[in-house]
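S.K.: With the sequence up front, the predicted model follows.
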Amino acid sequence: MLIEFKDWLADLGNKPYGSKNFNRALCFRYFFLIPTDWYGNEIKDYDYESTWFDDVEPGWRKIFLEMCEKIQNVLDYSYNEVDDKFKFVQIKEKFGELRMYADGMNDEIYNIIEDCSKKSRLICCECGAPAKWQTTDWIRPYCDSCVPIKKDGTKYDAIPIKKGIYD
């Protein structure tokens with residue numbers, strides 16, 4: 001039996017981020033974080049050098065792991081419907097939200113992924129605090145202290161995120 005999520009997450013924090021031990025622990029719990037090639041095929045001789053988790057902005061990693069736990073729970077109880085066919089094919093930031101593209105998912109997994117994407121719009125992509133600003137050039141959500149600074153010392157143009165804007 002796997003250890004509880006919060007205990008596993010605490011133990012994961014003891015492993016250096018990005019190390020092979022960290023990545024191995026992620027992939028042992030969530031097989032679908034093992035990267036694939038452009039065609040969705042498993043990478044031969046995969047060595048845990050990287051995972052899909054590496055493509056997630058630092059501020060969104062907590063909600064991403066919570067999403068992975070929900071997906072794993074669905075997979076644990078719906079093996080005939082999706083079993084090991086589910087896998088991510090791309091993860092990225094796009095238009096100010098965490099976007100995840102996957103193959104082999106059912107409606108329940110699709111809704112879990114969509115919920116995580118919606119949540120990411122309101123979370124600072126750098127630190128995970130509630131986002132108050134959205135930059136207007138490269139659309140990304142930031143808290144007060146993480147809005148990027150230009151080379152001339154001024155902050156990038158940003159508009160306030162209104163409460164309920166994505167409801």
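M.R.: Structure's in. What do you need?
S.K.: what about Ile71, distance to Ile112?
M.R.: Note on Ile71: its distance to Ile112, by C-beta to C-beta, to the nearest Å, is 6 Å. All C-beta atoms are positioned from the backbone trio N, CA, C, and that covers glycine.
S.K.: which of those two has more neighbours?
M.R.: Ile71 (23 against 20; other C-beta atoms under 10 Å).
S.K.: Surely that one forms part of a helix?
M.R.: Yes - counting by DSSP: H, G, I helix; E, B strand; the rest coil, Ile71 falls inside a helix.
S.K.: OK, contacts around it?
M.R.: Contacts for Ile71 (C-beta atoms under 8 Å, 6 or more residues apart in numbering) come out as Tyr30, Phe32, Phe86, Ile109, Ile112, Ile113.
S.K.: Arrange those in JSON lines, one row each, with distance to Ala158, secondary structure and pLDDT as further columns.
M.R.: Compiled in JSON lines, the contacts of Ile71 are given as follows (distance: C-beta to C-beta, whole Å; DSSP: H, G, I helix; E, B strand; the rest coil; pLDDT from 0 to 100):
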{"residue": "Tyr30", "distance to Ala158": "34", "secondary structure": "coil", "pLDDT": "90"}
{"residue": "Phe32", "distance to Ala158": "34", "secondary structure": "helix", "pLDDT": "89"}
{"residue": "Phe86", "distance to Ala158": "36", "secondary structure": "coil", "pLDDT": "86"}
{"residue": "Ile109", "distance to Ala158": "33", "secondary structure": "helix", "pLDDT": "94"}
{"residue": "Ile112", "distance to Ala158": "30", "secondary structure": "helix", "pLDDT": "97"}
{"residue": "Ile113", "distance to Ala158": "27", "secondary structure": "helix", "pLDDT": "97"}
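S.K.: So which bits of stretch 119-137 are buried?
M.R.: Using 16 or more other C-beta atoms under 10 Å as the test for burial, stretch 119-137 gives 119-126, 128, 131-135.
S.K.: Now tabulate the residues you listed in JSON lines and tack on pLDDT, secondary structure and distance to Val56.
M.R.: Shown next, in JSON lines, are these (pLDDT from 0 to 100; DSSP: H, G, I helix; E, B strand; the rest coil; distance: C-beta to C-beta, whole Å):
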{"residue": "Lys119", "pLDDT": "95", "secondary structure": "helix", "distance to Val56": "13"}
{"residue": "Ser120", "pLDDT": "96", "secondary structure": "helix", "distance to Val56": "9"}
{"residue": "Arg121", "pLDDT": "94", "secondary structure": "coil", "distance to Val56": "15"}
{"residue": "Leu122", "pLDDT": "94", "secondary structure": "coil", "distance to Val56": "16"}
{"residue": "Ile123", "pLDDT": "96", "secondary structure": "strand", "distance to Val56": "12"}
{"residue": "Cys124", "pLDDT": "95", "secondary structure": "coil", "distance to Val56": "13"}
{"residue": "Cys125", "pLDDT": "95", "secondary structure": "coil", "distance to Val56": "9"}
{"residue": "Glu126", "pLDDT": "92", "secondary structure": "coil", "distance to Val56": "12"}
{"residue": "Gly128", "pLDDT": "94", "secondary structure": "coil", "distance to Val56": "11"}
{"residue": "Ala131", "pLDDT": "95", "secondary structure": "coil", "distance to Val56": "16"}
{"residue": "Lys132", "pLDDT": "93", "secondary structure": "coil", "distance to Val56": "21"}
{"residue": "Trp133", "pLDDT": "89", "secondary structure": "strand", "distance to Val56": "20"}
{"residue": "Gln134", "pLDDT": "90", "secondary structure": "strand", "distance to Val56": "19"}
{"residue": "Thr135", "pLDDT": "88", "secondary structure": "strand", "distance to Val56": "19"}
